[in-house]
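>>> quick one: sequence and predicted model below, then my questions.
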Amino acid sequence: MSRVTNNAKAGFKKVSHVIFDMDGLLLDSECLYTEASVNVLNQFNKTFTHEMKISVMGMTGRESAKFLIKHLELSVPVEEFMRLMNIEYQHIMPNAKLMPGAEQLVKHLHKNNIPIAVATSSCKESFDLKTQNHKHFFNLFHHTVTGGSDPEVGSGKPSPDIFLVCASRFPDKPKPYDCLVLEDAPNGVTAAVSAGMQCVMVPDKETSPEKCQHATLILPSLTDLKPELFGLPAIK
């Protein structure tokens with residue numbers, strides 16, 4: 001069942017552009033990130049908890065590494081931690097599958113000439129690794145911003161930088177209020193709202209309600225999104 005937050009009590013606003021997060025929203029890769037994190041932290045006899053997962057969701061790889069090293073008091077350089085994570089990624093990330101409803105929604109918007117883009121905290125190398133088996137799907141987007149390696153993205157989520165940069169790269173440069181963001185992570189929702197955009201959240205089932213309170217609309221799956229609520233063509 002969908003849930004509307006207080007931010008949307010007055011109704012939804014019409015938009016013209018849609019920006020998608022990738023991990024956990026388009027690609028079922030958050031479970032793979034968890035697997036990689038568990039494997040690496042096991043090497044330090046540390047446990048990767050769900051609370052840690054929620055905290056780092058939406059962060060760039062470097063920001064996530066810094067957070068875990070500080071939080072767990074690990075005596076390892078950031079570069080070495082990232083190297084260990086990358087070894088894990090090489091094995092498991094190509095196995096990422098599309099999330100339920102992702103293909104139908106993206107193809108629908110593309111067919112109806114709605115400008116769409118991806119704003120992911122991944123670096124370009126990680127993006128290419130995870131999407132190598134879904135190139136046709138990701139070619140439907142006008143552009144992709146890889147926050148982990150894009151020089152114009154000063155700070156990762158929850159900073160609004162990545163969404164503002166992403167909006168600026170559409171040819172017609174829409175205003176923030178003309179963009180709808182689709183996200184799964186609390187940090188991403190905060191970033192979208194801070195950018196002045198409406199945000200539909202499809203959270204992990206274990207994400208607590210208080211972590212979702214800033215979203216414009218909360219849905220259990222992309223299959224439940226009704227684009228017409230935001231002035232976009234309805235899926236028939």
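All right, it came through fine. Residues are numbered from 1 along each chain as shown.

>>> going by C-alpha atoms from here, please, whenever you check contacts or count neighbours.
OK.

>>> helix or strand: which one has the spatially closest residue to residue 152 that is not a sequence neighbour?
Distances taken as C-alpha to C-alpha, 6 or more residues apart in numbering place residue 165 nearest to residue 152, at 7.1 Å, with adjacent residues excluded. Element membership of residue 165 [criterion: DSSP states H and E] is helix 161-168.

>>> per-domain residue ranges of this structure.
The chain breaks down into these domains under automatic domain parsing: 3-28+96-230, 30-95.

>>> most packed of those domains?
domain 3-28+96-230 (a mean of 19; mean count of other C-alpha atoms under 10 Å).

>>> what about stretch 223-236, distance to the chain center?
The chain centre lies 20 Å from the centre of stretch 223-236; the measure is C-alpha atoms, centre = their mean, to the nearest Å.

>>> quick one: mean pLDDT over that stretch.
Mean per-residue pLDDT for stretch 223-236: 96.

>>> can you give me the end-to-end span of that stretch?
12 Å (C-alpha to C-alpha, to the nearest Å).

>>> give me the contacts around it.
Contacts to stretch 223-236, defined as C-alpha atoms under 8 Å, 6 or more residues apart in numbering, come from residues 2, 12-16, 100-102, 105, 108-109, 112, 114, 219.

>>> just put the domains of the chain in TSV and tack on distance to residue 236.
Conversion of these to TSV gives the following (distance: least, C-alpha to C-alpha, whole Å):
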stretch	distance to residue 236
domain 3-28+96-230	9
domain 30-95	30
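
>>> average pLDDT for the lengthiest helix in the chain?
For the chain, the helix that runs over the most residues, judged by DSSP state H, is helix 78-92. When pLDDT is averaged over helix 78-92, the result is 92.
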